[in-house]
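> sequence-free structure coming up:
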């Protein structure tokens, strides 16, 4: 007898608790019949019947992943595939009148900036020339 009661309690908690979690995780804008607080009160007060009411009446219809295929039947042509790839978007490619080309975007980092690279090479050259001059002066003194 106690085993049957335990199974009924476990079933009801296993049914009602996920429904209440679903109610709390649903955004406020998706409630159509009652508010979030009202649904929590219904599911908590009427236990199994309230949770069943949430599943049958209150829960918003959500599209599953298996219901629609976002890809065209024949696949993407090479230009569309290139434009959809994340690496292509990060590199700055864009669709301009059906042709693929680079957009006029500023460099993404200092190693892509030609002005920065020329300034860096000038500084390295100057520091080498200065250190060579110091080494020559030290060698002349000793």
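Ah, there it is. Remember, it's a predicted structure, so these values are computed and weren't measured experimentally. Numbers count the residues shown, from 1 in each chain.

> surely residue 33 forms part of a helix?
No - counting by DSSP: H, G, I helix; E, B strand; the rest coil, residue 33 is not part of a helix but coil.

> which residue comes closest to it once chain neighbours are left out?
residue 58 (5.5 Å; CB to CB, 6 or more residues apart in numbering). In short, each C-beta sits where N, CA and C put it, glycine included.

> and for the one you found, the neighbour number?
Close neighbours of residue 58, defined as other CB atoms under 10 Å, add up to 23.

> mind listing the strands for this structure?
Secondary structure of the chain, counting by DSSP state E: strands at 93-96, 99-102.

> and those strands, which one's lowest on average pLDDT?
Taking the mean pLDDT of each of the strands of the chain, the lowest value is held by strand 99-102, a mean of 48.

> okay, and the helix or strand of this structure with the least pLDDT?
Taking mean pLDDT, DSSP states H and E as the measure, the helix or strand of the chain with the lowest value is strand 99-102, at a mean of 48.

> can you tell me how far residue 29 is from residue 123?
Distance of residue 29 to residue 123, computed by CB to CB, to the nearest Å: 56 Å.

> do the same with residue 10
Distance of residue 10 to residue 123, computed by CB to CB: 72 Å.

> again, but for residue 114
15 Å.
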